[in-house]
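**Q** sequence and predicted structure below; questions after.
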Amino acid sequence: PAFEGLIQRWKLVGDLVPHCAPFVTIGLTWAAKYDDWMSLTGAYAVAMFIDPTRCLSWINKHWSVPQITQAKNYILQLVHLPDNNNSRTLD
């Protein structure tokens with residue numbers, strides 16, 4: 001959530017301070033690359049899962065269904081939960 005908040009604030013700076021917009025755009029481009037890379041590693045989802053104050057609730061609220069499914073599957077593979085009646089979920 002902190003990273004997304006940072007992105008939102010950068011966008012606001014670009015909108016409110018037009019002469020900074022070119023620099024903000026460059027920063028947002030790099031932030032998007034970083035975010036894409038983090039989503040490929042699964043590290044962000046694991047961090048959200050491990051934090052007991054989050055328990056995937058933020059992911060469930062803010063991510064798309066395919067991203068949520070991918071994150072949950074990654075976490076399940078990571079922790080190797082036992083298979084009970086072929087149903088493994090993180091709801």
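**A** Perfect, thanks for sending it.

**Q** what helices or strands is the worst-scoring helix or strand of the chain on mean pLDDT leaning on?
**A** Within the chain, no helix or strand scores below helix 43-50, which has a mean of 71 by mean pLDDT, DSSP states H and E. Where contact means 3 or more CB pairs under 8 Å, 6 or more residues apart in numbering; DSSP states H and E, helix 43-50 is packed against helix 57-62, helix 65-79. All C-beta spots, glycine's among them, are computed from the backbone N, C-alpha and C.

**Q** could you dump that helix to CSV, C-alpha only?
**A** Backbone C-alpha positions of helix 43-50 (Å, rounded to 0.1, in the frame of the first residue of the first chain) are rendered in CSV as follows:
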residue,chain,number,x,y,z
ALA,A,43,7.6,-11.0,-3.2
TYR,A,44,5.0,-8.2,-2.8
ALA,A,45,2.2,-10.7,-2.4
VAL,A,46,4.2,-12.7,0.2
ALA,A,47,5.0,-9.5,2.2
MET,A,48,1.2,-8.7,2.2
PHE,A,49,0.4,-12.2,3.3
ILE,A,50,2.9,-12.3,6.1
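
**Q** just the CA trace of the helix ranked longest in the chain, in PDB.
**A** Secondary structure of the chain read by DSSP state H shows that its longest helix is helix 21-41. Written as PDB, here are the backbone C-alpha positions of helix 21-41 (Å, rounded to 0.1, in the frame of the first residue of the first chain):
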ATOM      1  CA  ALA A  21       5.500  16.900 -14.800                       C
ATOM      2  CA  PRO A  22       8.400  15.800 -17.100                       C
ATOM      3  CA  PHE A  23      10.400  14.600 -14.100                       C
ATOM      4  CA  VAL A  24       7.400  13.000 -12.500                       C
ATOM      5  CA  THR A  25       6.700  11.100 -15.700                       C
ATOM      6  CA  ILE A  26      10.200   9.700 -15.800                       C
ATOM      7  CA  GLY A  27       9.900   8.600 -12.200                       C
ATOM      8  CA  LEU A  28       6.500   7.000 -12.800                       C
ATOM      9  CA  THR A  29       8.000   5.100 -15.800                       C
ATOM     10  CA  TRP A  30      10.700   3.600 -13.600                       C
ATOM     11  CA  ALA A  31       8.200   3.000 -10.800                       C
ATOM     12  CA  ALA A  32       5.900   1.100 -13.200                       C
ATOM     13  CA  LYS A  33       8.900  -1.100 -14.300                       C
ATOM     14  CA  TYR A  34       9.700  -1.800 -10.700                       C
ATOM     15  CA  ASP A  35       6.100  -2.700  -9.900                       C
ATOM     16  CA  ASP A  36       6.000  -5.000 -12.900                       C
ATOM     17  CA  TRP A  37       9.200  -6.700 -11.800                       C
ATOM     18  CA  MET A  38       7.900  -7.100  -8.200                       C
ATOM     19  CA  SER A  39       4.700  -8.700  -9.500                       C
ATOM     20  CA  LEU A  40       6.700 -11.300 -11.400                       C
ATOM     21  CA  THR A  41       8.700 -12.300  -8.200                       C
END
